[in-house]
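Asks: Predicted model, plus sequence, below.
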Amino acid sequence: MKLLTNVRRLRPLLALRRQRSHDAKTAVEAEAPRQPVPTSAQLDEMERNVVLRQHRNNMPLIRSLVKQVKDRDPDTLIKLRSELEQLPNATHPRLQDYGVEPRVLAQYVHRELPPQASLKEFSELARSLNLYRMDHLGNYTGHKSYYLTGQLAMLEQAVIQYALQAVTGHGFKLISVPDILPRDVIESCGMRTEGERTQVYKLDTGECLSGTSEMALAGFFAGKELLEEQLPLKVTAVSRCYRAETSGLQEEKGIYRVHQFTKVEMFAICSAEQSEAELEEFKNIELDLFRRLGLNFRLLDMPPCELGAPAYQKYDIEAWMPGRQMWGELSSCSNCTDYQAKRLGIRYRRSSNGQVLHAHTINGTATAIPRLLIALMECYQRSESIDIPDVLRPFMDGQEVITRNKRIPETKLVKFIKAQN
């Protein structure tokens, strides 16, 4: 009954969200007739960029719609704009000849690892210390779910607090964000909510579960006009992230790729002149976070085919996971230029001449918890314990070592069967 009551209380809020989404769509339709139509040269450049980034946009349809809009028919213009908004962002010139492989810009070694023969993979480590549960959960929590228990659950919270302390120390303001968002906000950030390959969970109400707090943070500033003096405006959030993606790869087993996880996200709104420098700041913050954790990791400059739709350029950070004998992505940061700001209506007013321009947005992952826990556990393992990195100990009451957790009762699945007469 309590759950039903809570759902009823949510209905007015969900109705308001749907109304705002409708109002936004109406505004777009009213603006459509004033939108410039791409020239032939611009269409050629768009198609070249689509091929470079290996996207599947319908360029023949776009070219056809361009030919049909000579009479400025509003319906045709709206269809054209819808197709144009699905195109990927422009690509940084330095990435043009990267091909399909990332370039390793730097490699950082901070820890000497024991011989490979003695190293265990995260799942084996966590089970031996009775710190997590992932098996036999499908009947009541779904596929790719997990429980962290005891000291591993404490380590998760320590990592979150460590990341927040570092990020807020760089001037980011903490915001608590919603996990349920209108579809328009998610798509405006560059993630598709429809199609077989979508990673987005959709609710019966029409809203979606957020895949990252970047979306909620961007949505927070939708339709706002900022002053140039306020930029760069930097915010951060801790949230649960929901991804419908899954993987059957052996190297991605366990908690490496799951349907829900916790992440500390950084987000900034800035001017076009500031965005390159802001991306470098995000990258350096991430590098310093993992350096102080004592991990072995590398910095990658990602090729066009790995940028997704919104990014103009992107850095990835991968840590060496010795138990798995593989590099695993821990973090990334992207400069989305004005891709998201145009779709969400985020603008700023220049102080020199009053001109109103679309802002640029930057996003970056300070910590994605499951994969960071894998890297920490596998790198700091001993025969029957895990060392806690020095920088995390203040957030674990000075504890230095993780040892075997006290046994907790096993979860049993009970089937109720009607007695047959």
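Replies: Noted; the coordinates are in hand. Residues are numbered from 1 along each chain as shown.
Asks: which stretches of the stretch 251-400 of the chain have low pLDDT?
Replies: Confidence mapping of the stretch 251-400 of the chain against pLDDT under 70 gives the ranges 251-252.
Asks: rerun that using 90 as the cut-off
Replies: 251-259, 383-384 (pLDDT under 90).
Asks: all helices for it, in order.
Replies: 275-292, 339-344, 369-379 (DSSP state H, counting those that start in this stretch).
Asks: Export those helices to a markdown table and append columns for distance to Ser176 and mean neighbour count.
Replies: Every residue, glycine included, has its C-beta placed from N, CA and C. Output for those, formatted as a markdown table (distance: least, Cβ to Cβ, whole Å; neighbours: other Cβ atoms under 10 Å):
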| stretch | distance to Ser176 | mean neighbour count |
| --- | --- | --- |
| helix 275-292 | 21 | 19 |
| helix 339-344 | 20 | 22 |
| helix 369-379 | 17 | 24 |
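Asks: Which of those helices sits closest to Leu129?
Replies: helix 369-379 (9.0 Å; Cβ to Cβ).
Asks: which residues are contacting that closest one?
Replies: Residues outside helix 369-379 that contact it (Cβ atoms under 8 Å, 6 or more residues apart in numbering) are 111, 113, 119-122, 125-126, 146, 148, 152, 155-156, 159-160, 254-256, 258, 261-263, 293-297, 319-324, 328-330, 386, 389.
Asks: how far away is Arg347 from Glu378?
Replies: To Glu378, Arg347 is 46 Å away according to Cβ to Cβ, to the nearest Å.
Asks: so where's the stretch 51-200 of the chain shaky on pLDDT?
Replies: Checking the stretch 51-200 of the chain against pLDDT under 90 turns up 68-77, 111-118, 132-147, 191-199.
Asks: Show me the helices in it, by range?
Replies: Going by DSSP H, counting those that start in this stretch, the stretch 51-200 of the chain shows helices at 59-68, 74-85, 122-128, 150-168, 183-188.
Asks: Name the residue closest to the centre of this structure, please.
Replies: Nearest residue to the geometric centre of the chain (Cα atoms, centre = their mean): Thr212, 4.2 Å.
Asks: and it, what is it in contact with?
Replies: 239, 241, 263, 265, 363.
Asks: and it, backbone torsions?
Replies: phi -170, psi 150 (degrees, to the nearest 10).
Asks: what do you get for the one 5 residues further on?
Replies: Comment: the main-chain dihedrals of Leu217 come out as phi -70, psi -40, following degrees, to the nearest 10.
Asks: Quick check: bridge partners of the closest residue to it other than its chain neighbours?
Replies: Leaving out its chain neighbours, the residue that sits closest to Leu217 by Cβ to Cβ, 6 or more residues apart in numbering is Phe267, at 4.1 Å. Counting by DSSP bridges, Phe267 is bridged to Val235, Asn363.
Asks: give me the element Val238 is part of.
Replies: strand 233-242 (DSSP states H and E).
Asks: Report the backbone C-alpha coordinates of that strand in PDB.
Replies: Output of strand 233-242 as PDB, limited to C-alpha atoms (Å, rounded to 0.1, in the frame of the first residue of the first chain):
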ATOM      1  CA  LEU A 233      30.500  26.600 -14.200                       C
ATOM      2  CA  LYS A 234      31.600  23.300 -12.700                       C
ATOM      3  CA  VAL A 235      29.300  20.800 -10.900                       C
ATOM      4  CA  THR A 236      29.600  17.200  -9.700                       C
ATOM      5  CA  ALA A 237      27.200  14.400  -8.600                       C
ATOM      6  CA  VAL A 238      27.100  10.900  -7.200                       C
ATOM      7  CA  SER A 239      24.400   8.800  -8.700                       C
ATOM      8  CA  ARG A 240      23.400   5.300  -9.700                       C
ATOM      9  CA  CYS A 241      23.800   4.700 -13.400                       C
ATOM     10  CA  TYR A 242      21.600   2.300 -15.300                       C
END
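Asks: Could you list the residues in contact with it?
Replies: 160, 164, 167-168, 170-177, 179, 200-201, 209-213, 216-217, 220-221, 226, 259-270, 366, 368.
Asks: ok, now stretch 295-302?
Replies: 94-95, 98, 102-111, 113, 283, 287, 290, 311, 313-320, 327, 330, 332, 375-376, 379.
Asks: in stretch 103-117, what's buried?
Replies: Neighbour-count burial for stretch 103-117 flags 108, 113 (criterion: 16 or more other Cβ atoms under 10 Å).
Asks: First-to-last residue distance for that stretch?
Replies: End-to-end distance for stretch 103-117, by Cα to Cα, to the nearest Å: 30 Å.
Asks: who touches that stretch?
Replies: By Cβ under 8 Å, 6+ apart, stretch 103-117 touches 119, 287, 290-291, 294-301, 303, 315, 322, 325, 379-381.
Asks: same thing with stretch 118-132?
Replies: Outside stretch 118-132, the residues that reach it (Cβ under 8 Å, 6+ apart) are 113, 134, 146-152, 253-255, 321-324, 373-374, 377-378, 381, 383-386, 402-408.
Asks: Let's see that with 7 Å instead.
Replies: Stretch 118-132 has contacts (Cβ atoms under 7 Å, 6 or more residues apart in numbering) with 146-152, 254, 322-324, 374, 377-378, 381, 402, 404-405, 407.
Asks: All set now, cheers.
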